[in-house]
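Enquirer: Generate a structure from the sequence data that follows.
(chains A and B)
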Amino acid sequence: MNQDSQELHRKLRQQECTNSSLLAQGIQIRSCTRCGSCVVECPVFEQLRWESSSPRGHIGILKGLLYGYLPPDHVNTEEYRENLDLCMGCKRCELACPVGIKIVDLITWAKYDVGGKRGFSLHKHMIANYGFIAKIASRIPKVNRLLELKPLRLMMEMVTGIDSRRRLPQFSHQSFLKWFKDYSNNGRVGSDKRGRIVYFAGCHVIYSEPQIGEALVKIFEALGFEIVIPEQRCCNIAALNKGMLEQAEKYARFNVKHLLPWVRKGYDIITSCPSGIIALKEKYQDFFNFEGIDEIANHTFYVSKYLLKVLGEEHIELKLGHIPEVVAYHKPCHLKVLPESSHSSIQLLELIPELRVEDLNAGCCGLGGTYGLSKKKFDLSLRMGSRLFKKIEGSGADRVSADCGACKIQIEQGANLNGEMVEHPIVIFWLALREGMKQSHKGE
Amino acid sequence: MSLEDELRRLIGEGKVSTSLQERVVYGADAFTFSKIPAVVVQPESHEEVLAVLKVASQHERPVIPRGGGSGLAGAAVPTDEEAIIISTTRLNKILELDLDNLCARAEAGVMVNDLAKEIEQEGFWFPPLPSSAKVATVGGVISTNASGKYSMKYGVTGNYVRGLKIALPTGETLELGSKVVNSVSGYDLKSLYVGSEGTLGVVTEAIVGFIPKPREVATVLIGFEQLEDAAQAISRIIREGLYPAVLELMDSYTITSVKRYTGIDLPEGAIVLAEADGMTEEEVQRGIEAIVKIGEEEGSSLIRYASTSAERTQIMEARDAAFPALASIKPIPILEDIAVPIKHLPQMIREIQRISKDYDVIIGTYGHAGRGLLHPQILIDDRDGAEVRAANQAIAEMFKTAIKLGGTLSGEHGIGMAKKDYMPLEHSKLALEQMKSIKQLVDPQGIMNPCKILSC
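Expert: Numbering: from 1, shown residues only, chains lettered A, B, ... in the order given. A predicted model of the protein is given here:
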């Protein structure tokens, strides 16, 4: 658990703290050298240009509270709360910070403090419970058509704050978990000739793009792995980023409780969602302190990175079909900030014969997971992604690939693409592997 | 109408902030938090800057220009709570890249790194990039005459400034220079404004030159057991007419911190980092071998050549990690930039080591030793009053020592508010009076960044 952040949060909540008591805490805040390395990485600052909207500015405000330049009751102001809500949690600042300050974590603690006193809006509660909402939505007949109806969307906007212009994820009629149940043999797929994994699928795969999960399962099955999908809930990183730590902890405890036994039996945890891996590998450790958190963090891997490792270590020669196409690849922020995995999807795609990967490298898509869903942030969100959209429109690629479901819907909206053109790298890799396996069978 | 309302009327509501929260964060730069300004403005054009200055003049309010806020001498923070901060962040257009004249015209708020990337895409190079280039602005590097690793051979920002457009505190526009490379045409006013740290006017636009990138480079890391031997080697390298592109130094405390921070394997003791560049491989190899020979003769313990570009990157990474590695040790790093004539480099280094012991403060020393420029980085916890006092005393003594050795208070960061009290140590009364006269001439009301460089 991040002691300094927690302590600062505790002091801020108390409100009767003196300057000297605050001064005793907050090593991270005090360590900021104001070098500005974070400022240039922040997609929000790039648009808004005010120092307070930058990571350095956020720390400056917390420092202002710490040192008494801002009065303690400043934390009660709408201005303070709105400023905290500007942070989209992309973590690009943390990657850039030369002294290793966990800036997003500090902002999260501050959001928790504000939420604890003033509560969280309906919009935030909805976002925080996306997993539950997605589960219900996917069971409503023709839900995707309904969600295109303007009157309904306007009503939703009034009640929930989700912008009526925002394209929403498409919900799949059959959830990935149902598919797996039917496909598996008593909850297991494959043999454990090479290894054993548990798949932490995430809300987007389960309720919107089960084909990602299907592709992943079939890839590992073909490689000689046993795949299990334990009970799991939403990683709840959306709630966590909004400062709803108590709810996020319940979800974290559930997930750790159900993943831990498998880890202790020697299974590795694989996820295909960049936010999922950030949650399991970093966020749970940063904010919570209960048994199993560290083990989960140490045994969680991003799918592309894991596949590359397996292919390399086991000297597996895969027969992959040719895909003579250009794929424009967008790296999600939450993958970019994991140096060991950040390039792995590109490297995986580059294994496919004749496929050329164009690394778009055009910054953040601007959606920030759930950040850009709201009416307040919708326009800002599209502005943040405009450089990326322009690059996609000008790229001439045959398809776009992105690991993150949120990036997908943002790119579709911003660059005017339809859903089939933005695919997870794993889906593309499975296409190549399946084609290769077919050719091998024909050859036999 | 209040000053703030007038500003809103002139440049637009969205470009003026009087929010306390916003003003607090503009009260700090990379040196310190100072005072909370009264208002922050973000003009989008030269004309809007002029409009702000006119209003400031009418209300007799101090004005502080601010670029990336990464300055290390407190030039961008107010010393007065009546101050207006002019942030150049919206003056962020690269106006022209002239490949025939090898120069670029850019607004003051363009981040230097962004400009450098545009230039590099065309195969050219802006050498005096400081380590803060990612966030430092064109206006910022001009205002401090900034420099970096490559300034050893390629000079400082001022050597590349061909033209300036300046909004003066009198409400006038001063345009200096042009795309011409050299001019000896009247008094060199450009040089006056370069390094003036926002005390004479607001640079809104600049024409900066650039040069072709060298075709070949060779990089070497030379380890020594003793820092003094490293300093001697550097002195000799210069004395014998070898002028590499890069000649850097790191002491053992810095090396240990960098090793821990980056995981890069480095020799203990002291390191000299040298890079030779040129048109042919043979030329650069000869250059680097000559440097290595001196290193060996001065008792080097290790020679590590960068035989691939990855190895070169790693060596440079180690050097660039010096500041953050040391800054990770204690909450507050104070980074100085004293410079002495090269001949006295070994003595200055000995003195820094002595000062560190005498005042019991941790000082990691590294820097552009080939220019006689050192970065003693003092590490303190600002909660410890005794440590703060000791650090200030150590810094004062370093300044006095540097001046006694014929050096300067600041080799590249500027004076700002950090060192102005020590200016009489370095400059004669006559020189200071001339500086004051110039300031009075250009800024008769004294509204431009007051109490910086010179005492109020």
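
Enquirer: Return the residues of the stretch 1-150 of chain B in contact with chain A.
Expert: Counting by CB under 8 Å from any CB of the partner chain, the stretch 1-150 of chain B comes close to chain A at B:17, B:19-22, B:24-30, B:33, B:36, B:40, B:42, B:68-70, B:87, B:89-90, B:111, B:113, B:132, B:134-136. Any C-beta I mention is one placed from the backbone N, CA and C, and that applies to glycine too.

Enquirer: Keep only those of those that are in strands.
Expert: B:17, B:40, B:87 (DSSP state E).

Enquirer: re earlier: filter the residues of the stretch 1-150 of chain B next to chain A down to the buried ones and express that as a PyMOL selection.
Expert: Buried residues within the residues of the stretch 1-150 of chain B next to chain A, by 16 or more other CB atoms under 10 Å in any protein chain shown, are selected in PyMOL with:
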select buried, chain B and resi 17+20+21+22+24+25+26+27+28+29+30+33+36+40+42+68+69+70+87+89+90+111+113+132+134+135+136
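
Enquirer: which parts of stretch B:382-395 are buried?
Expert: B:387-388, B:390-391, B:394-395.

Enquirer: ditto for stretch A:56-75
Expert: Those would be A:56-67, A:69-70, A:72, A:74-75, for stretch A:56-75 by 16+ other CB under 10 Å.

Enquirer: Quick one: end-to-end distance for that stretch.
Expert: 18 Å (CA to CA, to the nearest Å).

Enquirer: Now find how far off-centre it is within its chain.
Expert: Distance of stretch A:56-75 from its chain centroid, counting by CA atoms, centre = their mean, to the nearest Å, is 29 Å.

Enquirer: three-state assignment of A:G436?
Expert: Under DSSP: H, G, I helix; E, B strand; the rest coil, the three-state class of A:G436 is helix.

Enquirer: Would you mind putting the ones in strands among the residues of the stretch 1-150 of chain B next to chain A into JSON lines with pLDDT alongside?
Expert: Formatted as JSON lines, these follow (pLDDT from 0 to 100):
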{"residue": "B:S17", "pLDDT": "98"}
{"residue": "B:V40", "pLDDT": "98"}
{"residue": "B:S87", "pLDDT": "98"}
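
Enquirer: thinking again about what came up before, mind checking which of the buried residues of stretch A:56-75 are in helices?
Expert: Among the buried residues of stretch A:56-75, the members falling in helices are A:56-67 (criterion: DSSP state H).

Enquirer: Dump those into a markdown table; add distance to chain B as well.
Expert: Formatted as a markdown table, those follow (distance: CB to the nearest CB, whole Å):
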| residue | distance to chain B |
| --- | --- |
| A:R56 | 8 |
| A:G57 | 5 |
| A:H58 | 9 |
| A:I59 | 9 |
| A:G60 | 4 |
| A:I61 | 6 |
| A:L62 | 10 |
| A:K63 | 7 |
| A:G64 | 4 |
| A:L65 | 9 |
| A:L66 | 11 |
| A:Y67 | 7 |
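
Enquirer: a markdown table please, covering those residues and showing pLDDT and distance to A:L146.
Expert: Formatted as a markdown table, those follow (pLDDT from 0 to 100; distance: CB to CB, whole Å):
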| residue | pLDDT | distance to A:L146 |
| --- | --- | --- |
| A:R56 | 97 | 44 |
| A:G57 | 97 | 41 |
| A:H58 | 96 | 39 |
| A:I59 | 94 | 44 |
| A:G60 | 95 | 45 |
| A:I61 | 95 | 42 |
| A:L62 | 92 | 43 |
| A:K63 | 90 | 48 |
| A:G64 | 92 | 47 |
| A:L65 | 90 | 45 |
| A:L66 | 85 | 49 |
| A:Y67 | 86 | 52 |
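
Enquirer: buried set for the helix or strand encompassing A:E82?
Expert: Element membership for A:E82 (DSSP states H and E) is helix A:78-85. Residues of helix A:78-85 classed as buried: A:80-81, A:83-85 (neighbour count, 16+ other CB under 10 Å).

Enquirer: measure B:Y26 to A:V357 for me?
Expert: 43 Å (CB to CB, to the nearest Å).

Enquirer: again with B:V141
Expert: 36 Å.

Enquirer: the more surrounded of those two?
Expert: B:V141 (35 against 21; other CB atoms under 10 Å in any protein chain shown).

Enquirer: Can you tell me the SS state at that one?
Expert: helix.

Enquirer: From the buried residues of stretch B:382-395, which land in helices?
Expert: Going by DSSP H, the helices hold B:387-388, B:390-391, B:394-395 from the buried residues of stretch B:382-395.

Enquirer: between those residues, which is nearest A:A110?
Expert: B:V388 (27.7 Å; CB to CB).

Enquirer: my guess is that closest one meets B:I378, correct?
Expert: No - assessed by CB atoms under 8 Å, B:V388 is found out of contact with B:I378, at 10.2 Å.

Enquirer: can you pull the contacts of whichever residue of the stretch 251-400 of chain B sits closest to chain A?
Expert: Closest to chain A within the stretch 251-400 of chain B is B:P324: 3.1 Å, counting by CB to the nearest CB. Neighbouring residues of B:P324 by CB atoms under 8 Å, 6 or more residues apart in numbering or on different chains: A:33, A:35, A:98-99, B:261.

Enquirer: Kindly report the same for B:Q232.
Expert: B:Q232 neighbours (CB under 8 Å, 6+ apart): B:298, B:346.

Enquirer: got a list of contacts for the helix holding A:E82?
Expert: A:52-53, A:58, A:61, A:74, A:107, A:110-111, A:114, A:118, A:243, A:376, B:19, B:21.

Enquirer: From the chain's centre, how far out is that helix? Work that out for me.
Expert: 23 Å.

Enquirer: That helix vs helix A:55-67, what angle?
Expert: 130 degrees (axes from the mean of the first three to the mean of the last three CA atoms, to 10 degrees).

Enquirer: mean confidence for helix A:78-85?
Expert: Taken as a whole, helix A:78-85 has a mean pLDDT of 95.

Enquirer: May I have it as PDB, with CA atoms only?
Expert: C-alpha atoms of helix A:78-85 as PDB (Å, rounded to 0.1, in the frame of the first residue of the first chain):
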ATOM      1  CA  GLU A  78     -16.300  22.500  -6.900                       C
ATOM      2  CA  GLU A  79     -13.200  23.900  -8.600                       C
ATOM      3  CA  TYR A  80     -11.000  21.400  -6.700                       C
ATOM      4  CA  ARG A  81     -13.200  18.500  -7.500                       C
ATOM      5  CA  GLU A  82     -13.600  19.400 -11.200                       C
ATOM      6  CA  ASN A  83      -9.800  19.800 -11.400                       C
ATOM      7  CA  LEU A  84      -9.300  16.300 -10.000                       C
ATOM      8  CA  ASP A  85     -11.800  14.900 -12.500                       C
END
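
Enquirer: what about the helix or strand that comes right after that helix, distance to the chain center?
Expert: The helix or strand immediately downstream of helix A:78-85 is helix A:92-96, counting by DSSP H and E. When distances are taken as CA atoms, centre = their mean, helix A:92-96 is centred 15 Å away from the chain's centroid.
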